[in-house]
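> Have a look; sequence and predicted model below, questions after that.
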Amino acid sequence: MKDEIISLYSAHITEQKQKVLDILSVSGFDALIIYSGTPLRYYADDQDAPFRAYPHFAHFAPLNEVGSFLLIQKGTKPLLVRVKPDDYWHEQISLAESFWISDFEFIEVSSPDSAWKELNVRLTKSNIKSFLYMGDNPAEAKVHGVDEKAINPDELIARLDTERSYKTPYEIACISEANRIASEGHKSAHEVFLGGASELEIHQAYMKAVGGVEYELPYETIVALNEKGSILHYQGKRKEPKSGKSLLLDAGARYLGYASDITRTYVAPDADPLFVELLAGVEKIQQELCGLVKPGLSFADLQKETHLKIGDLLFSFGIFKIDGKEASELGLTKVFFPHGVGHMLGLQVHDVGGVKRDSKDTPDTKNLRTKGVVEVGQVFTIEPGVYFIEMLLRPHRSGDTAKHFNWELIDRLAPYGGVRIEDDVLVTENGIRNLTREYLS
């Protein structure tokens, strides 16, 4: 896999550079500077938060370092200016052996001022007077002569965001490898869960299997035993209890900056058979939804279909006393499934490109991270769920809608928290390639 990824990188860079140049040409500009980013310091502290490079920088260079610049222009390789300060506090890693460095013209300098000097020399030498800047620290860019109107222009960023939603073979290979790594973590976590491990022990088993440290993950793991599975972004890592009846594990990995995002729900042998059946029902829905995905399908229709299927499932279990269509029309399925069915995935977990600038919201889409229609080359998640969230259930325990719920069954299942199944899928001409199921059932 790694040799394949390396072989695909040069074509990826060539394609991305041409996309940028085409967009610049339409906009009337000749070059683009992209800044990797400035460290974020904790308030009233002398330590920085873990750094993540600006994704549009990372789209070209798999270099997660502060203070570097890219210059993209016609006729030459992208110029990478790396700020490598004289610093005995931190390791200064050599990039000489990096597989990707030969696709750049590469310069190292010791300070940001020196980096800007190199950029300006290159712009002057190439007779480039109209260029744009993307990145944080716009004040510094202005100090070094960048026109304020040329800093982070909305239209350019929106177009590049859209282009990032269509993945190159290199990007697909990276996301696939991130799925492989995360799948090893899920298998290990499942094993120790069945052995009676706590949330903290499950998390530690996951980290050992993926072979990294926490700040390298695309997001903090969600390791939710029992009732905590009803908290959508639960962040606890309890030492107690152990021997949980259910585990909702939402955990991914990164490879060369690209993320995977996988959720599974596991049950202990002595779990309530009704919850085991509910898990099987959500799994079936998730696979049916994956089967529906094809170019031209609207994300709004996929969301609507998810609610209908969940409503029918809950009706079949007797949790709803009305059928799925009526429950969905009354908005009652949102009590059990209050989030979107998926989101774009790539350099960011909730990647850009899912919402186009001209998207028009309806009541059904206003809270969705992904809108518009499915297109070839997109990678996104499919993640239906059923949760027992008391905050959402409480308003219906009395009043006109209470009669539509079987409260005895709901209270029986609530200690198990909820179910979510999530895969990462690539859209092809005829449907999808499920990047997760290639490694994890």
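That came through, no problem. Predicted, not measured: the structure shown is a model, and the values here were computed from it.
> Might one say that Leu302 is in contact with Cys290?
No: counting by CB atoms under 8 Å, Leu302 does not reach Cys290; the two are 10.3 Å apart. Using the backbone N, CA and C atoms, a C-beta is placed for each residue, glycine as well.
> quick one, which of the two is more surrounded?
Comparing Leu302 with Cys290 by neighbour count (other CB atoms under 10 Å), the higher total belongs to Leu302, at 21 against 17.
> For the more buried one, what is the enclosing helix or strand?
helix 299-316 (DSSP states H and E).
> One more: Phe380?
strand 379-382.
> just how off-centre is the helix or strand that that strand is followed by within its chain?
Once the chain leaves strand 379-382, the next helix or strand it forms, by DSSP H and E, is strand 385-387. With CA atoms, centre = their mean, to the nearest Å as the basis, strand 385-387 stands 20 Å off its chain's centre.
> Would you mind pulling up the elements that strand 385-387 packs against?
Helices and strands touching strand 385-387, by 3 or more CB pairs under 8 Å, 6 or more residues apart in numbering; DSSP states H and E, are helix 273-292, helix 299-316, strand 418-420.
> hey, C-alpha coordinates of the second one in PDB?
Same thing as helix 299-316. What follows is helix 299-316, C-alpha atoms only, in PDB (Å, rounded to 0.1, in the frame of the first residue of the first chain):
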ATOM      1  CA  PHE A 299     -28.000  14.200   0.200                       C
ATOM      2  CA  ALA A 300     -31.400  15.600   1.400                       C
ATOM      3  CA  ASP A 301     -33.100  12.500  -0.100                       C
ATOM      4  CA  LEU A 302     -30.600  10.200   1.600                       C
ATOM      5  CA  GLN A 303     -31.300  12.000   4.900                       C
ATOM      6  CA  LYS A 304     -35.100  11.600   4.400                       C
ATOM      7  CA  GLU A 305     -34.700   7.900   3.500                       C
ATOM      8  CA  THR A 306     -32.600   7.400   6.700                       C
ATOM      9  CA  HIS A 307     -35.400   8.800   8.800                       C
ATOM     10  CA  LEU A 308     -38.000   6.700   7.100                       C
ATOM     11  CA  LYS A 309     -36.000   3.500   7.600                       C
ATOM     12  CA  ILE A 310     -35.300   4.300  11.300                       C
ATOM     13  CA  GLY A 311     -39.000   5.100  11.800                       C
ATOM     14  CA  ASP A 312     -40.000   1.800  10.300                       C
ATOM     15  CA  LEU A 313     -37.400   0.000  12.400                       C
ATOM     16  CA  LEU A 314     -38.600   1.500  15.600                       C
ATOM     17  CA  PHE A 315     -42.200   0.700  14.600                       C
ATOM     18  CA  SER A 316     -41.300  -2.900  14.000                       C
END
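> who's in contact with that helix?
Applying CB atoms under 8 Å, 6 or more residues apart in numbering, the contact partners of helix 299-316 are 278, 281-282, 285, 288-289, 292-293, 320-328, 332-334, 336-337, 340-342, 354, 362, 364-365, 368, 370-374, 384, 386.
> Same question for the shortest one.
Contacts of strand 418-420 with the rest of the structure, by CB under 8 Å, 6+ apart, involve 229-230, 248, 250, 263, 265, 275, 278-279, 282, 383-389.
> And for stretch 147-159?
23-24, 27, 29, 32, 56, 130-135, 138, 141-142, 357.
> And it, end to end?
End-to-end distance for stretch 147-159: 20 Å, by CA to CA, to the nearest Å.
> Also stretch 57-72?
One end of stretch 57-72 to the other measures 11 Å (CA to CA).
> distance between it and the chain's centre?
Stretch 57-72 has its C-alpha centroid displaced from the chain centroid by 19 Å (CA atoms, centre = their mean).
> Now do the helices in the stretch 51-200 of the chain.
Counting by DSSP state H, counting those that start in this stretch, the segments of the stretch 51-200 of the chain that form helices are 55-58, 112-125, 138-143, 154-164, 169-194, 199-210.
> mind showing which ranges of the protein have poor pLDDT?
Residues of the chain that meet the criterion pLDDT under 70 lie in 1, 356-361, 363-364, 366-367.
> rewinding a little: okay, and which of the contacts of stretch 147-159 map to strands?
With DSSP state E as the criterion, strands contain 32, 131-134 from among the contacts of stretch 147-159.
> Adding distance to Asp45, write these out as TSV.
As requested, the ones in strands among the contacts of stretch 147-159 are exported to TSV (distance: CB to CB, whole Å):
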residue	distance to Asp45
Leu32	34
Phe131	36
Leu132	34
Tyr133	29
Met134	28
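> now for those residues, which pair is the farthest apart?
Of all pairs drawn from these, the greatest distance, 10.6 Å, lies between Phe131 and Met134 (CB to CB).
> overlap in contacts of those two?
32-33.
> Residues contacting stretch 18-27, please?
So stretch 18-27 is contacted by 30-32, 72-74, 132, 153, 155-156, 159-160, 163 (CB under 8 Å, 6+ apart).
> and with 10 Å instead?
Under the criterion CB atoms under 10 Å, 6 or more residues apart in numbering, residues 29-32, 34, 56, 59-60, 70, 72-75, 78, 130-132, 134, 153, 155-156, 159-160, 162-164, 166 lie in contact with stretch 18-27.
> Mind splitting this structure into its structural domains?
2-163, 169-434 (automatic domain parsing).
> Single out the most deeply packed of those domains.
Compared across those, domain 169-434 shows the largest average neighbour count, a mean of 19 (mean count of other CB atoms under 10 Å).
> From the opening residue of that domain to its closing one, how far?
OK, domain 169-434 end separation, CA to CA: 15 Å.
> For the closest residue to Phe337 other than its chain neighbours, give its distance to Pro395.
Closest residue to Phe337 apart from its sequence neighbours, by CB to CB, 6 or more residues apart in numbering: Ile310 at 5.0 Å. Plainly put, Ile310 is 19 Å away from Pro395 if you go by CB to CB, to the nearest Å.
> and if you look at Glu140?
50 Å.
> Over to Glu305?
For Glu305, the distance to Pro395 - CB to CB - is 26 Å.
> so how far is stretch 313-330 from its chain's centroid?
That offset, for stretch 313-330, works out to 31 Å (CA atoms, centre = their mean).
> How about stretch 125-138?
Worked out by CA atoms, centre = their mean, stretch 125-138 lies 29 Å from the chain centre.
> Kindly report the same for stretch 210-227.
14 Å.
> With only the CA atoms kept, save it in PDB.
C-alpha atoms of stretch 210-227 as PDB (Å, rounded to 0.1, in the frame of the first residue of the first chain):
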ATOM      1  CA  VAL A 210      -3.000   2.000  15.700                       C
ATOM      2  CA  GLY A 211       0.600   2.700  16.800                       C
ATOM      3  CA  GLY A 212       0.400   6.400  17.400                       C
ATOM      4  CA  VAL A 213      -0.100   9.100  20.000                       C
ATOM      5  CA  GLU A 214      -3.400  10.900  20.700                       C
ATOM      6  CA  TYR A 215      -2.600  14.200  19.000                       C
ATOM      7  CA  GLU A 216      -2.000  12.300  15.800                       C
ATOM      8  CA  LEU A 217      -5.600  11.100  15.600                       C
ATOM      9  CA  PRO A 218      -8.100  13.100  13.500                       C
ATOM     10  CA  TYR A 219     -10.400  13.500  16.500                       C
ATOM     11  CA  GLU A 220     -10.500  12.300  20.100                       C
ATOM     12  CA  THR A 221     -11.800   8.800  20.400                       C
ATOM     13  CA  ILE A 222     -15.400   8.300  21.600                       C
ATOM     14  CA  VAL A 223     -15.400   5.300  23.900                       C
ATOM     15  CA  ALA A 224     -18.800   5.000  25.400                       C
ATOM     16  CA  LEU A 225     -19.900   2.100  27.600                       C
ATOM     17  CA  ASN A 226     -23.600   1.500  28.300                       C
ATOM     18  CA  GLU A 227     -25.700   4.700  28.800                       C
END
